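>>> Just to be clear, the model below is a prediction. Sequence and coordinates:
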Amino acid sequence: MTEALTEDLPVPPPGQRGRLKIFLGAVAAVGKTYRMLAEAHRRVERNGEDVVVGIVETHGRPATADLLKGLEQVPLKRIEYRGGTFYEMDTDAVIARHPQWVLVDELAHTREHTRDPAREALAERRGDPRPRHQCHRHPQHPAPRESQ
């Protein structure tokens, strides 16, 4: 499925490909999101880099929520499904915004009712230029496997 989304995109020259940086922790609540947001502030303040928040889950932690202040947040996409309302990263809006870095929290979390092939392709997108991604994932939530 990813191939169909990216097959028409040009392959960027060496040195211009996007990069993926993952903050990995063995268990929940060890500071992956906090560290990702702290690094985003460092990139903005020290280097003047263009960083946006694609989606971040604060899990009600005030210190984590405080780190969102001062970072541009791309509005989330509202999805109605089976009588419920859900919010997901708006991949098209992130791509249209064209930042240097986009923060994607809980990358491994996918819900079948909100599965967005463009979100999955964002980390593998071959367009030029392409935003770099910072994300974190929990080892207890492995990436989905292709059906056999």
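Yep, it's here.
>>> low pLDDT regions in this protein?
For the chain, applying pLDDT under 70 flags the ranges 1-12, 15-17, 108-148.
>>> And the strands in it?
Secondary structure of the chain (DSSP state E): strands at 20-24, 51-55, 72-73, 77-81, 84-88, 101-104, 132-137.
>>> can you dump the C-alpha coordinates of whichever helix in the chain runs longest into CSV?
For the chain, the helix with the greatest residue count under DSSP state H is helix 32-47. C-alpha atoms of helix 32-47 as CSV (Å, rounded to 0.1, in the frame of the first residue of the first chain):
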residue,chain,number,x,y,z
LYS,A,32,9.9,9.5,25.7
THR,A,33,7.4,12.2,24.8
TYR,A,34,8.9,14.6,27.3
ARG,A,35,12.4,14.1,25.8
MET,A,36,11.1,14.5,22.2
LEU,A,37,9.4,17.8,23.1
ALA,A,38,12.4,19.1,24.9
GLU,A,39,14.6,18.3,21.9
ALA,A,40,12.1,20.1,19.7
HIS,A,41,12.4,23.2,21.8
ARG,A,42,16.2,23.0,21.6
ARG,A,43,16.0,22.7,17.8
VAL,A,44,13.8,25.8,17.6
GLU,A,45,15.7,27.9,20.1
ARG,A,46,19.3,27.1,19.3
ASN,A,47,19.2,26.3,15.6
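>>> which residues does Gly54 contact?
Gly54 makes contacts with 74, 89, 91, 94, 102-104, as judged by CB atoms under 8 Å, 6 or more residues apart in numbering. Where you see a C-beta, it was placed from the backbone N, CA and C, and this is true even at glycine.
>>> hmm, try it at 6 Å
Listed by CB atoms under 6 Å, 6 or more residues apart in numbering, the contact partners of Gly54 are 74, 89, 94, 102-104.
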